[in-house]
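**Student:** just a sequence and a predicted model for now, questions to come.
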Amino acid sequence: MAATDPIPSPTGPALRAEGLVRRYGSRTALHGVTVAADAGEVVAILGPNGAGKTTLLSLLAGLQDPDAGSVGRPAREIGWVPQQPAVYRRLSVRQNLELFARLDDVPDAPARVTRMLEQAGLADRAGDLVGSLSGGGQQRVNVAVGLLADPPVVLLDEPSASLDPRQRERMWRFLTGLAADGRAVVFSTHDVAEAERYADRVVVLVDGRIAFDGPPAALAETADGDLLRAFVDLVERTVPDEEPA
Ligand SMILES: Nc1ncnc2c1ncn2[C@@H]1O[C@H](COP(=O)(O)OP(=O)(O)OP(=O)(O)O)[C@@H](O)[C@H]1O
């Protein structure tokens, strides 16, 4: 487990989940996972394919219930940004935000939509159809929808998977700005470089268990400063569970 335990914040974590277990039939996707994120912190959930990242985030977001364990914050206080943009390509950027603000019962929706357009760098594209934006622009709309209710915690499932390096950079300026404003930002990725660059803390998930929880530099230290090698070593050291055929 953790080489370095997270430093406790004086006000307690913005998000804490304990002992999360999730089974799909005979397959156990999560074996009692405990995670936390502080206000202002960017946390990467890093793991290979099938490690349980999406399952973990969807439990944290309240999209499905755990078989055991608990999440210490109501789902309505958690912003969720799915991997596939869940926005309407044939509506304008502003219409999308207005629609989701209405569905979410966001108080003072028009002002909130205008603020999100500005924060996401979309104010000058507000009248454009979402389908006419670049992949990066569409992803920023996707993130803005998840933030409409101004949640203190934001969860993003592989937010930059389909973005080129420039779009990725722009989106991360937006996301790190959210953390600087005091939100906890938790994202899943299998990109070690992205976790190293943007996360304050990395939670490595392997086969449904936490194999490491601490700053990226502390993990890198286990392999002479090479985070990629440290991650691969960690994954290889973890013996997969025996699953019934
Ligand atoms: N709805 C489901 N029904 C059955 N098995 C599932 C379901 N969702 C996930 N699984 C299984 O649970 C395990 C964890 O899957 P999950 O999608 O959470 O991992 P992941 O780390 O997000 O993977 P990826 O990086 O490929 O998206 C995998 O073995 C997957 O096959």
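**Tutor:** Nice, I can see it.

**Student:** could I get the average pLDDT for the longest helix anywhere in the chain?
**Tutor:** Scanning the chain for the helix with the most residues, using DSSP state H, yields helix 165-180. Confidence over helix 165-180 (mean pLDDT, whole number) is 88.

**Student:** likewise for stretch 103-122?
**Tutor:** Looking at stretch 103-122 alone, the average pLDDT works out to 90.

**Student:** for it, measure first residue to last.
**Tutor:** 21 Å (CA to CA, to the nearest Å).

**Student:** can you tell me the centre-most residue of the chain?
**Tutor:** The structure's the chain has its C-alpha centroid closest to residue 187; by CA atoms, centre = their mean the separation is 2.3 Å.

**Student:** thinking again about what came up before, run the chain-centre distance for the longest helix of the chain.
**Tutor:** Between the centre of helix 165-180 and the centre of its chain there are 13 Å (CA atoms, centre = their mean, to the nearest Å).

**Student:** swap in stretch 21-39?
**Tutor:** In terms of CA atoms, centre = their mean, the gap separating the centre of stretch 21-39 from the centre of its chain is 15 Å.

**Student:** go on, stretch 14-21?
**Tutor:** The offset between the C-alpha centroid of stretch 14-21 and the centroid of the whole chain comes to 14 Å, using CA atoms, centre = their mean.

**Student:** for residue 154, name its beta-bridge partners.
**Tutor:** Taking DSSP bridges, one finds residue 79, residue 185 as the beta-bridge partners of residue 154.

**Student:** is it in contact with residue 177, as I believe?
**Tutor:** No - Residue 154 is not in contact with residue 177 according to CB atoms under 8 Å; the separation is 11.5 Å. (C-beta placed from N, C-alpha, C; glycine too.)

**Student:** ok, the two, which is more surrounded?
**Tutor:** Residue environment comparison for residue 154 versus residue 177 gives the larger neighbour count to residue 154, 26 against 14, counting by other CB atoms under 10 Å.

**Student:** quick check: mean pLDDT across stretch 231-245?
**Tutor:** 73.

**Student:** again with stretch 145-157
**Tutor:** Stretch 145-157 shows a mean pLDDT of 92.

**Student:** try stretch 72-80
**Tutor:** Stretch 72-80 shows a mean pLDDT of 85.

**Student:** repeat that for stretch 19-28.
**Tutor:** Averaged across stretch 19-28, pLDDT comes to 96.

**Student:** please see if that stretch touches the ligand.
**Tutor:** Yes - judged by CB under 6 Å from any ligand atom, stretch 19-28 and the ligand are in contact via 24, 27.

**Student:** ranges for the strands of the chain?
**Tutor:** Assignment of strands within the chain using DSSP state E yields the ranges 15-24, 27-37, 42-46, 68-71, 78-81, 153-157, 184-189, 201-206, 209-214.

**Student:** just checking, what packs against the last one?
**Tutor:** In this structure, strand 209-214 makes packing contacts with strand 27-37, strand 201-206, helix 227-237, judged by 3 or more CB pairs under 8 Å, 6 or more residues apart in numbering; DSSP states H and E.

**Student:** quick one: the last one near the ligand?
**Tutor:** The reference is to helix 227-237. No - no part of helix 227-237 sits near the ligand under the criterion CB under 6 Å from any ligand atom; the closest distance found is 11.7 Å.
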